[in-house]
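> Below: sequence and its predicted model.
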Amino acid sequence: MSVIDEFKQFAIKGNVIDLAVGVIIGGAFGKIVDSMVGDIIMPLVSQLFGGLDFSSYYLALAGQAPGLPLAEARKAGAVFAYGNFITVSLNFLILAFVIFMMVKQINRLKASEPPPPPAEPAPTPEDIALLREIRDALNRR
């Protein structure tokens, strides 16, 4: 079998197609969640902390004048943009929590497997059955 035939068999398998669909949907879902975090949740968090915007916090490494906006400070030289890291980290934590809650709800909505039927009692061994017959015969007297 040639390499091309093997690749065709591999690519046509359902798992590869399912994975491709999952990646595409995941990318689209990622954009939705990014928008929710960036446009809805982070402004609320910023408002709770007095309009604080972490993304503009930086330390100038090349001796720029303090107080410049981050974009201008980057043009002027090297900066240590720790505020952007804080913002991305908060976005990740919020995103992870949102995904956790969604998976939790999806798992709750999934139909759970029905419990297995109760096991039938094991058949009584022959000697026990004979002893019971003797006991019952003696009790009848």
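Perfect, I can see it now.

> can you map out the helices along the chain?
Counting by DSSP state H, residue ranges of the helices within the chain are 3-12, 14-35, 42-48, 70-76, 82-109, 126-140.

> Low-confidence stretches in this structure?
Counting by pLDDT under 70, the chain contains low-confidence residues at 1, 14, 62-65, 111, 123.

> Q47 versus E72, what's the distance?
Distance, E72 to Q47, by Cβ to Cβ, to the nearest Å: 26 Å. (Glycine included, C-beta is placed from N, CA and C.)

> How about the contacts made by I41?
For I41, the contacting residues are I94, by Cβ atoms under 8 Å, 6 or more residues apart in numbering.

> repeat for A119
A119 makes contact with no residue under the criterion Cβ under 8 Å, 6+ apart.

> what's the neighbour count on L90?
The number of residues packed near L90 is 16, by other Cβ atoms under 10 Å.

> Please report how far it lies from I40.
Using Cβ to Cβ, one gets 14 Å for the distance from L90 to I40.

> go on, D34?
The spacing between D34 and I40, counted by Cβ to Cβ, is 11 Å.
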